[in-house]
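Peer 1: coords below, sequence missing:
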C-alpha cells in the first residue's frame, strides 16, 4: 500500500506518516499509514477532493460536520462563545458518538 499512499499524499499535498502496529506483547503486527496536514491553509485541496468524491456512510457525515467547523475557523467564528459552543456540539456527535 505504501506506493499508493505516496501517490495520494502527493496528489493531496499532505504528509505521509508510518507507524508500527504492535500487539500487547510487543510483537509487530504491521505498518499503519497515515496522511496528515500541517496547516489549515492546505486543507482546501482535501475539502475539494472529498466534495468531488464523497465518502460514504458515517465517514461522509463526519466529513460534512468537519467541513462546517473548517469554515467556522476560516471565518473566525470559533473566536466567539457561540462559535465555540457550536463546535463542541458538532464534535460531540462525531465518530463513535454519532447517532444519525
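Peer 2: Here it is on my side, so go on. As the structure is a computational prediction, the values presented were derived from the model and not from experiment.
Peer 1: all contacts plus neighbour counts: C-alpha atoms, from now on.
Peer 2: Fine.
Peer 1: what's the distance between residue 16 and residue 54?
Peer 2: Distance of residue 16 to residue 54, computed by C-alpha to C-alpha, to the nearest Å: 21 Å.
Peer 1: ok, residue 71 next?
Peer 2: The value you get for residue 71 to residue 54, if C-alpha to C-alpha is used, is 18 Å.
Peer 1: can you list the low-confidence ranges for the chain?
Peer 2: The model of the chain has pLDDT under 70 over residues 100.
Peer 1: domain-wise, how is it divided?
Peer 2: Listed domain ranges for the chain are 1-36, 38-100 (source: automatic domain parsing).
Peer 1: distance from the shortest one to the middle of the chain?
Peer 2: By that I understand domain 1-36. 15 Å (C-alpha atoms, centre = their mean, to the nearest Å).
Peer 1: same deal with stretch 48-57?
Peer 2: 12 Å.
Peer 1: cool, and stretch 69-87?
Peer 2: The chain centre lies 17 Å from the centre of stretch 69-87; the measure is C-alpha atoms, centre = their mean.
Peer 1: what do you get for stretch 90-100?
Peer 2: Relative to its chain's centre, stretch 90-100 lies at 14 Å (C-alpha atoms, centre = their mean).
Peer 1: in that stretch, what counts as buried?
Peer 2: For stretch 90-100, the neighbour count (16 or more other C-alpha atoms under 10 Å) marks 90-91, 94 as buried.
Peer 1: would a markdown table of these with distance to residue 21 be doable?
Peer 2: Output for these, formatted as a markdown table (distance: C-alpha to C-alpha, whole Å):
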| residue | distance to residue 21 |
| --- | --- |
| 90 | 30 |
| 91 | 27 |
| 94 | 25 |
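Peer 1: narrow these to those in helices?
Peer 2: Using DSSP state H to define helices, the subset of the buried residues of stretch 90-100 located there is 90-91.
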